[in-house]
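>>> What follows is a predicted structure for the sequence shown.
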Amino acid sequence: MKAVTGAKSADLASERTFRDRFPDCETGAMPPFGHLYGMRVFADETLAEDSEIAFNAGTHRQLVRMAWDDFERLAMPETGNFATGGSLRRVA
């Protein structure tokens with residue numbers, strides 16, 4: 001992530017650290033649409049290997065399941081091989 005974002009350091013943030021960025025969501029149930037909250041969206045490229053993605057819809061009681069292609073089109077995630085330090089590719 002440091003190489004991708006140009007940051008000097010990168011740490012995994014606790015949900016408490018950024019829960020205020022998602023005021024309409026329950027802590028731990030934030031959907032992967034950070035762009036709606038002024039945040040960049042990142043996704044490991046291996047997620048595209050499945051035809052669908054499932055995620056919390058802002059609560060711990062609601063789940064959204066959608067085609068990966070639809071998620072990719074809506075969220076426009078920056079994808080890369082983050083687990084092994086690979087490079088980033090931007091989805092067109």
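That came in fine, so what should we check first? None of the values given here were measured: they were computed from a predicted structure. Residues are numbered from 1 along each chain as shown.
>>> end-to-end on stretch 36-48?
The separation between the terminal residues of stretch 36-48, taken as C-alpha to C-alpha, to the nearest Å, is 21 Å.
>>> Other residues contacting that stretch?
Outside stretch 36-48, the residues that touch it by C-beta atoms under 8 Å, 6 or more residues apart in numbering are 1, 4-5, 21-22, 32-35, 53, 68, 72, 75-83, 86, 89. All C-beta atoms are positioned from the backbone trio N, CA, C, and that covers glycine.
>>> What residues sit buried inside that stretch?
41-43, 45, 48 (16 or more other C-beta atoms under 10 Å).
>>> Just the ones in helices from the contacts of stretch 36-48, please.
4-5, 68, 72, 75 (DSSP state H).
>>> List only buried entries from those residues.
4, 72, 75.
>>> from the residues you listed, which single one is nearest residue 63?
Taking C-beta to C-beta as the measure, residue 63 sits nearest to residue 75 out of these, at 16.2 Å.
>>> still on that earlier bit, okay, the ones in helices among the contacts of stretch 36-48 in CSV with pLDDT and distance to residue 12 next?
Shown next, in CSV, are these (pLDDT from 0 to 100; distance: C-beta to C-beta, whole Å):
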residue, pLDDT, distance to residue 12
4, 76, 15
5, 79, 14
68, 96, 24
72, 95, 24
75, 95, 20
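>>> Could you identify the most distant pair in the residues you listed?
Between all members of the ones in helices among the contacts of stretch 36-48, the farthest pair (by C-beta to C-beta) comes out as 5 and 68, at 23.1 Å.
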